[in-house]
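*Asks:* The amino acid sequence is not available; the structure is as follows:
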Ligand code: ATP
Ligand code: MG
């Protein structure tokens, strides 16, 4: 395994931002302009009121400027929102591409250990929260922070006393915000975990629905769902509680600060007036600014929740992207064809060993049946030959080439595998055979279907090879024939057959075995099944553990 790709969420986002540099620059400019524009209306209003209280006439230009500044603020704020949404939408695309790429690079051992629901939740919910990080999170938060700082600077010039009060209040408020932030992050994480567990249970339930119904396990399943949903609900309740107390605290603070400043500015004390005294126009501007400084702080609270939920998502996506990747083999000059050999192989899926110092050789064109008790490691030998796992000791080679060193593109031309159950992919019958592999032409697919004895059944379908596959389209035996066609489509030198006739009735089995006899000609065949052993007359290799 290697770790060549170290891309995390933020690396993917940086790359996406760089490839949309005009949009990125436009968004940043718009945010800066929107912050600057929000400072204008109170200043212009103060001038108008000061003019009026001084008994001067109100000019049309002053009114135009005031309303113009309000319009400009509104336009820039809407433009900021629109650009943030546009910018944010680029992120899920970049992230999902990165995650899909990662999925193809994970080794088999990691993939089988994954909970499908959890992985699905990372692709959907977690990525959505990262999108929200941009549409209503980080950038809005930076804009709000800039608004707060610039309003503080204007207030310091207009009313030093108020600036001092705010300097006292705001750090306390920041501590309160941080406290809420920490509690909410913990609740968000709990909720995500519980939701992921529920998502994991849905495919599991559907997959096992027959067993659940047959054994009457509905109540047990219901209890499992209830537990996870209950955990999620209680985590959401905690989040809602902090969310609910945050906004009222901001509103009360706003009212208290305005009240104090108004009282002090109306006092007759010269020293107090020195700090808090102001004209009528300035006091209107200052009240306006106070509400404008609390409004972004209030939205900071909302943004905290967005960012926290996104950070929980980022952590989970980062953990997914940080998983070690399988070694990607370089393409060989000559395809791996010839003798199949396991030499002194020791292997286990974890701590528990499956085989110890196991050796076997199958000559080119030879047909061998693996025998051994259930759990002995017969399917494991196939997994090693397919390069899905690497032995802890010893070597697994095909035509002298290490099985894990066969490049992905070449694997199908070296080795084909048929299992007990056919894995249907979404698409047409032709795509079941080719698996959309460009190196397999339509002619190759048709030839493989003929060899497997399924060509006539396919031709009889409404759209022949282009018929979209549905579950009841073929009988169990026909699916197995299609599976053989898929395995031999690239004309591999080695064919692996794992219990492929296990669930078939005698008549269907005979049909499959006949197809196998044709498909096996000239190939090295390793099979697990006594019927195949009898039919092909192959020698046996016993797997003992
Ligand atoms: P059967 O005849 O029942 O198909 P088998 O000989 O094919 O058995 P394997 O499937 O190779 O046996 O399994 C060998 C051992 O490895 C078993 O004990 C099994 O539980 C274990 N095993 C198989 N796959 C995994 C896996 N993905 N993770 C952990 N253990 C596994
Ligand atoms: Mg098996």
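*Replies:* Thanks, I have the structure now. What you are looking at is a predicted structure, and each value in this text was computed from that prediction instead of being measured. Ligands and ions are numbered 1, 2, ... in the order given.

*Asks:* Alongside ligand 1, which residues does the chain contribute?
*Replies:* Residues of the chain that fall close to ligand 1, judged by CB under 6 Å from any ligand atom: 112, 349, 354, 372, 374-380. For the C-beta atoms, the positions are set from N, CA and C on the backbone; glycine is no exception.

*Asks:* among those, which are in helices?
*Replies:* 112, 378-380 (DSSP state H).

*Asks:* Any chance of a ChimeraX selection covering the buried ones in the residues of the chain next to ligand 1?
*Replies:* A single ChimeraX command selects the buried members of those (16 or more other CB atoms under 10 Å):
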select :354,372,376,377,378,379,380
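
*Asks:* pLDDT added to the residues of the chain next to ligand 1, as TSV?
*Replies:* Shown next, in TSV, are the residues of the chain next to ligand 1 (pLDDT from 0 to 100):
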residue	pLDDT
112	85
349	89
354	91
372	87
374	87
375	87
376	89
377	91
378	92
379	92
380	94
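
*Asks:* from the residues of the chain next to ligand 1, which two are the most distant?
*Replies:* Distance extremes for those: the farthest pair is 112 and 372 at 21.5 Å, using CB to CB.

*Asks:* Mind jotting down where the helices sit in the stretch 1-150 of the chain?
*Replies:* 9-19, 21-53, 60-105, 108-113, 116-121, 127-135, 138-158 (DSSP state H, counting those that start in this stretch).

*Asks:* and of those, who's closest to residue 528?
*Replies:* Residue 528 lies closest, by CB to CB, to one member of the helices of the stretch 1-150 of the chain: helix 108-113, at 18.5 Å.

*Asks:* any residues touching that closest one, and which ones?
*Replies:* With CB atoms under 8 Å, 6 or more residues apart in numbering as the test, helix 108-113 has contacts from 323-324, 326, 349, 383, 388-389.

*Asks:* Restricted to strands, list these.
*Replies:* In strands, judged by DSSP state E, none of the contacts of helix 108-113 are found.

*Asks:* Show me the two of the residues you listed that sit farthest apart.
*Replies:* Maximum distance among these (CB to CB): 19.3 Å, for 323 and 383.

*Asks:* These two: which has the busier surroundings?
*Replies:* Neighbour comparison, residue 323 and residue 383: the larger count goes to residue 383, with 22 against 17 (by other CB atoms under 10 Å).

*Asks:* Nearest spatial neighbour of the more buried one, chain-adjacent residues omitted?
*Replies:* The shortest distance from residue 383 to any non-neighbouring residue, by CB to CB, 6 or more residues apart in numbering, is to residue 389 (5.3 Å).

*Asks:* Break down the stretch 201-350 of the chain into its strands, ranges please.
*Replies:* In the stretch 201-350 of the chain, the strands defined using DSSP state E, counting those that start in this stretch lie at 340-348.

*Asks:* picking up where we left off before, point out the most buried one among the helices of the stretch 1-150 of the chain.
*Replies:* The highest mean neighbour count among the helices of the stretch 1-150 of the chain, using mean count of other CB atoms under 10 Å, belongs to helix 127-135: a mean of 22.

*Asks:* and that helix, what does it pack onto?
*Replies:* helix 60-105, helix 280-321 (3 or more CB pairs under 8 Å, 6 or more residues apart in numbering; DSSP states H and E).

*Asks:* orientation of it relative to helix 60-105 in degrees?
*Replies:* 150 degrees (axes from the mean of the first three to the mean of the last three CA atoms, to 10 degrees).

*Asks:* got the helices and strands packed on helix 127-135 as CSV, with distance to residue 542 and mean pLDDT columns?
*Replies:* Formatted as CSV, the helices and strands packed on helix 127-135 follow (distance: least, CB to CB, whole Å; pLDDT from 0 to 100):
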stretch, distance to residue 542, mean pLDDT
helix 60-105, 36, 91
helix 280-321, 41, 82
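
*Asks:* Which among the ones you listed is found nearest to residue 54?
*Replies:* Residue 54 lies closest, by CB to CB, to one member of the helices and strands packed on helix 127-135: helix 280-321, at 9.0 Å.

*Asks:* how far does the closest one sit from the chain's center?
*Replies:* How far helix 280-321 lies from its chain's middle: 26 Å, per CA atoms, centre = their mean, to the nearest Å.

*Asks:* how about low-confidence regions in the stretch 201-350 of the chain?
*Replies:* Low-confidence segments of the stretch 201-350 of the chain, defined by pLDDT under 70: 298, 301, 331-336.

*Asks:* just to revisit the earlier point, nearest to residue 209, of the helices and strands packed on helix 127-135?
*Replies:* Once these are compared by CB to CB, helix 60-105 is nearest, at 26.1 Å.

*Asks:* so what's residue 318 up against?
*Replies:* 8-9 are the contacts of residue 318 under CB under 8 Å, 6+ apart.

*Asks:* And for residue 480, nearest residue in space, chain neighbours not counted?
*Replies:* residue 512 is the one closest to residue 480 (CB to CB, 6+ apart), at 5.2 Å.

*Asks:* Am I right that the one you found falls within a helix?
*Replies:* Yes: the assignment for residue 512 by DSSP: H, G, I helix; E, B strand; the rest coil puts it in a helix.

*Asks:* Please report the distance of it from ligand 1.
*Replies:* 18 Å (CB to the nearest ligand atom, to the nearest Å).

*Asks:* wait, isn't that residue in contact with residue 481?
*Replies:* Yes: the pair residue 512 and residue 481 passes the contact test of CB atoms under 8 Å, sitting 6.4 Å apart.

*Asks:* and stretch 410-418, how far apart are its ends?
*Replies:* Taking CA to CA, to the nearest Å, stretch 410-418 runs 17 Å from one end to the other.

*Asks:* re earlier: now tabulate the helices of the stretch 1-150 of the chain in CSV and tack on distance to residue 427.
*Replies:* Shown next, in CSV, are those (distance: least, CB to CB, whole Å):
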stretch, distance to residue 427
helix 9-19, 29
helix 21-53, 35
helix 60-105, 18
helix 108-113, 21
helix 116-121, 20
helix 127-135, 25
helix 138-158, 40
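
*Asks:* who wins for proximity to residue 488 among the ones you listed?
*Replies:* Per CB to CB, nearest to residue 488 of these: helix 108-113, 22.5 Å.

*Asks:* Any idea how many residues pack against residue 242?
*Replies:* Applying other CB under 10 Å, we find 18 residues neighbouring residue 242.

*Asks:* Now do the contacts for it.
*Replies:* 180, 183-184, 187.

*Asks:* out of those residues, which are buried?
*Replies:* Here, 16+ other CB under 10 Å leaves 180, 184, 187 buried among the contacts of residue 242.

*Asks:* pLDDT score assigned to the residue nearest the centre of the chain?
*Replies:* For the chain, residue 123 is the residue whose C-alpha lies nearest the centre (CA atoms, centre = their mean; 2.6 Å). Confidence at residue 123, expressed as pLDDT, is 92.

*Asks:* What separation is there between it and residue 115?
*Replies:* Separation of residue 123 from residue 115 (CB to CB, to the nearest Å) stands at 13 Å.
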